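Engineer: my questions concern the predicted model and sequence given below.
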Amino acid sequence: MTKTLKTQVCIVGSGPSGLLLAQLLANAGVDSILLDRKNRSYIESRVRAGVLESGTVAALEEAGVASRLHAEGIPHEGFDLAFDGARHRIDLVGLTGKSVTVYGQTEVTKDLFDARYSAGQQFCFDVEEVVLHDLKSANPSVQFMMDGEKHNVCCDYVAGCDGYHGVSRSAIPAVVLRTFEREYPFGWLGILVDQPPVSDELIYANHEHGFALASMRSETRSRYYVQCDINDKVSDWPDERFWQEFALRLGPETAAKLQTGDSFEKSVAPLRSFVAEPMRYGNLFLAGDAAHIVPPTGAKGLNLAVADIRLLSRGLIEHYNAGKDDYLDNYSSSVLNRVWKVERFSWQLSKLMHQFPDNSPFEKRMQRAEFDYIASSEAASKTIAENYVGLPLE
Ligand code: FAS
Ligand code: PHB
């Protein structure tokens with residue numbers, strides 16, 4: 001016995017991409033069903049991004065979920081690049097007139113879930129065996145198992161918001177799909193600790209032992225990262241080792257201000273650059289990590305997902321409320337144009353700020369020369385700044 005559900009847009013994946021899409025569509029009177037293989041508490045527990053571009057803040061304001069963000073988010077007007085003891089501040093506001101906001105992805109996800117639950121959103125959690133059907137027809141559908149029962153969602157469009165490990169991307173035939181990938185020969189080990197941040201602004205540091213990032217979640221909670229070996233596990237990094245390396249890589253002046261403590265979250269993330277083209281196949285639209293991945297160096301993953309959703313929601317709303325399909329027809333080409341520029345920035349900053357095991361002495365000198373050039377050139381600093389605050393939507 002199959003249980004049939006009907007909606008206008010079936011959204012596979014209830015992370016930030018899927019949740020924001022459902023919220024923007026609902027605000028315009030467009031109905032959706034949100035599926036996820038996990039449940040709300042699991043999704044909200046994932047610690048990920050921490051920095052929001054002004055475009056992301058604008059999208060959350062437009063979605064009507066920004067009140068806590070404005071109350072608790074921390075505006076940041078610049079950040080530091082550190083290189084073997086030398087420091088250079090990228091003056092975001094001075095160079096671009098824009099700032100960024102420190103507000104964790106966990107909080108964004110909670111705000112979106114709260115809004116969707118209040119609006120009576122139809123969620124299907126803990127789904128299994130998700131299969132997308134008839135994507136090239138006017139009546140696509142999404143089949144899945146939930147609570148031991150087969151379900152089938154009949155819809156007009158399917159939004160693939162199911163992340164890098166989802167099933168939507170692979171619903172595009174291999175003869176159509178093109179993928180581009182670069183895996184980095186290291187990972188990031190991240191911790192959360194309830195101690196005041198070592199600095200008011202973020203510090204990205206390249207030290208001969210490796211990269212380190214000092215970030216935060218609030219004035220009493222810090223988010224810190226160190227570059228680690230690609231095969232490292234959390235167990236390889238007891239707090240004592242983390243603090244020793246983190247202090248060394250930040251340099252003695254900053255380390256003197258560091259307040260250490262017991263971490264209450266610790267995770268290792270691999271780094272990769274990845275793009276899948278096209279981001280539309282028939283009536284399937286890919287958005288967010290389902291279509292692209294960036295190394296977290298440029299703080300772009302979540303922000304890029306939000307940019308996709310702003311363009312996709314505009315196209316779907318224009319279709320339903322104005323009967324026009326121009327935005328939908330141009331979605332893949334216009335969104336990919338911006339995706340590749342963001343991939344470039346994230347790749348460039350990752351190349352500059354990390355120790356690559358097979359870098360020659362010449363390449364190490366090139367890293368230092370690049371840093372010295374950025375520190376001495378307003379034009380070079382402005383290039384970093386305009387990418388960091390977020391490129392125009394199109
Ligand atoms: P998500 O992966 O967040 O959500 C996809 C959802 O789809 C998940 O809830 C999953 O359960 C669900 N799903 C998967 N397969 C499914 C299936 N078959 N059926 C139904 N549902 C399915 N970005 C930054 O900007 N800064 C950072 O510091 C940063 N750190 C990160 C650290 C880690 C470990 C990871 C993995 C990512 C990090 N990112 C960071 C990127 C991250 O924030 C993503 O860009 C963001 O979560 C993208 O959101 P979604 O596209 O919604 O994908
Ligand atoms: C974070 O606070 O988690 C963070 C900030 C900036 C980055 C990556 C992660 O580039």
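Structural biologist: That came through, no problem. Residues are numbered from 1 along each chain as shown. Ligands and ions are numbered 1, 2, ... in the order given.

Engineer: going by C-alpha atoms from here, please, whenever you check contacts or count neighbours.
Structural biologist: Noted.

Engineer: where does Ser170 land in three-state SS?
Structural biologist: For Ser170, the secondary-structure state derived from DSSP: H, G, I helix; E, B strand; the rest coil is helix.

Engineer: and it, what pLDDT?
Structural biologist: We have a pLDDT of 98 for Ser170.

Engineer: tell me how far it lies from Trp188.
Structural biologist: Taking C-alpha to C-alpha, to the nearest Å as the criterion, Ser170 is separated from Trp188 by 27 Å.

Engineer: again, but for Arg272
Structural biologist: When C-alpha to C-alpha is the yardstick, Arg272 and Trp188 sit 11 Å from each other.

Engineer: the more surrounded of these two?
Structural biologist: Neighbour count, other C-alpha atoms under 10 Å: between Arg272 and Trp188, Trp188 has more, with 24 against 18.

Engineer: what is the more buried one paired to in the beta sheet?
Structural biologist: Under DSSP bridges, the beta-bridge partners of Trp188 are Gln227, Ala269.

Engineer: do the one 5 residues further on as well
Structural biologist: With DSSP bridges as the criterion, Val193 is bridged to Ser222, Ser263.

Engineer: which residues touch it?
Structural biologist: With contacts taken as C-alpha atoms under 8 Å, 6 or more residues apart in numbering, Val193 has the following neighbours: 221-223, 260-265.

Engineer: which ones among those residues also lie next to ligand 2?
Structural biologist: Contacts with ligand 2 within these, as defined by C-alpha under 6 Å from any ligand atom: Arg223.

Engineer: got the contacts of Val193 as TSV, with distance to Asp325 and neighbour count columns?
Structural biologist: Rendered in TSV, the data for the contacts of Val193 read as follows (distance: C-alpha to C-alpha, whole Å; neighbours: other C-alpha atoms under 10 Å):
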residue	distance to Asp325	neighbour count
Arg221	45	15
Ser222	45	22
Arg223	43	25
Thr260	54	20
Gly261	54	13
Asp262	53	14
Ser263	50	18
Phe264	48	9
Glu265	45	11
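
Engineer: wait, Val102 sits on Arg217?
Structural biologist: Yes - because the distance of 6.7 Å satisfies C-alpha atoms under 8 Å, Val102 is recorded as touching Arg217.

Engineer: which members of the contacts of Val193 are the farthest-apart pair?
Structural biologist: Spatially, the most separated pair among the contacts of Val193 is Thr260 and Glu265, at 13.9 Å (C-alpha to C-alpha).

Engineer: can you tell me the helix or strand for the residue lying closest to Gln121 once chain neighbours are set aside?
Structural biologist: In space, and not counting its chain neighbours, Gln121 is closest to Ile33: 7.2 Å by C-alpha to C-alpha, 6 or more residues apart in numbering. Counting by DSSP states H and E, the element that carries Ile33 is strand 32-35.

Engineer: what's the helix or strand that comes right after that strand packed up against?
Structural biologist: Along the chain past strand 32-35, the next helix or strand (assigned with DSSP H and E) turns out to be helix 40-45. With contacts defined as 3 or more C-alpha pairs under 8 Å, 6 or more residues apart in numbering; DSSP states H and E, helix 40-45 has these neighbours: helix 105-118.

Engineer: what does the helix it packs on rub up against?
Structural biologist: Defining contact as C-alpha under 8 Å, 6+ apart, one finds that helix 105-118 is touched by 15-16, 19-20, 22-23, 40, 43-50, 65-66, 68-69, 302.

Engineer: okay, the contacts of Val193 in CSV with distance to ligand 1 and pLDDT next?
Structural biologist: Listed next are these as CSV, based on distance: C-alpha to the nearest ligand atom, whole Å; pLDDT from 0 to 100:
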residue, distance to ligand 1, pLDDT
Arg221, 15, 96
Ser222, 13, 98
Arg223, 10, 97
Thr260, 21, 98
Gly261, 21, 97
Asp262, 20, 98
Ser263, 17, 98
Phe264, 16, 96
Glu265, 12, 96
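
Engineer: quick check: closest non-adjacent residue to Ile230.
Structural biologist: Closest residue to Ile230 in three dimensions, ignoring its sequence neighbours and counting by C-alpha to C-alpha, 6+ apart: Phe186, at 4.1 Å.

Engineer: close to ligand 1: what parts of the stretch 101-250 of the chain are there?
Structural biologist: Residues of the stretch 101-250 of the chain lying near ligand 1 by C-alpha under 6 Å from any ligand atom: 130, 161-163, 165-167.

Engineer: compare these and tell me which is most surrounded.
Structural biologist: Comparing these by number of neighbours (other C-alpha under 10 Å), Cys161 comes first, having 32 neighbours.

Engineer: so that residue is in contact with Val9, correct?
Structural biologist: No - here Cys161 lies out of contact with Val9, judged by C-alpha under 8 Å, at a distance of 11.9 Å.

Engineer: overlap in contacts, the two.
Structural biologist: Going by C-alpha under 8 Å, 6+ apart, no residue sits against Cys161 while also sitting against Val9.

Engineer: look up how far ligand 1 lies from Gly298.
Structural biologist: Computed with C-alpha to the nearest ligand atom, to the nearest Å, the distance linking Gly298 and ligand 1 is 7 Å.

Engineer: helix, strand or coil for the residue nearest to that residue when sequence neighbours are not counted?
Structural biologist: Across the structure, with C-alpha to C-alpha, 6+ apart as the measure, the residue nearest Gly298 apart from its sequence neighbours is Ser346 (4.9 Å). Classification of Ser346 by three-state DSSP places it in helix.

Engineer: Ser346 and Lys300 touch, don't they?
Structural biologist: Yes - with contacts counted by C-alpha under 8 Å, Ser346 reaches Lys300, the gap being 7.3 Å.

Engineer: who has more neighbours out of those two?
Structural biologist: Legend: neighbour count by other C-alpha under 10 Å for Ser346 and Lys300, higher for Lys300 (27 against 24).

Engineer: give the contact list for Ser168.
Structural biologist: With contacts defined as C-alpha under 8 Å, 6+ apart, the neighbours of Ser168 are 12, 132, 160-162, 286, 290.
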